[in-house]
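[1] Fold the stuff below for me.
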Amino acid sequence: MAESCAGSSLLTRGFCEHRECAKPELAGDPVCVRLKETEEARRLRQ
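    Numbers count the residues shown, from 1 in each chain. As a prediction, this is how the structure comes out:
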């Protein structure tokens, strides 16, 4: 997954990661796991 977003700027990297992590085959990728945990923690705080 890191290769998919490697050319992204700092501004667009988050969007790229979110889009790529929506793909089922990347669910276990460390970046996607961290993103999911972060989103879940944010959701629980609200």
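[2] From the contact counts, what lies against the lowest-mean-pLDDT helix or strand in the chain?
    Ranked by mean pLDDT, DSSP states H and E, the weakest helix or strand in the chain is helix 2-5, scoring a mean of 86. Applying 3 or more CB pairs under 8 Å, 6 or more residues apart in numbering; DSSP states H and E, one finds that helix 2-5 makes contact with helix 10-21. For the C-beta atoms, the positions are set from N, CA and C on the backbone; glycine is no exception.
[3] For the helix it packs on, give the mean pLDDT please.
    The average of the pLDDT scores along helix 10-21 is 94.
[4] Report the next helix or strand after it in sequence order.
    For helix 10-21, the succeeding helix or strand toward the C-terminus, using DSSP states H and E, is helix 30-45.
[5] For stretch 25-38, list every residue counted as buried.
    Neighbour counts over stretch 25-38 (16 or more other CB atoms under 10 Å) mark D29, C32, L35 as buried.
[6] Next one: the residue lying closest to the last one once chain neighbours are set aside from L10, what distance?
    Counting by CB to CB, 6 or more residues apart in numbering, L35 lies nearest to C21, which is 5.4 Å off, once chain neighbours are set aside. In this structure, C21 and L10 are separated by 18 Å, where distance is defined by CB to CB, to the nearest Å.
[7] what does A2 give?
    To L10, A2 is 14 Å away according to CB to CB.
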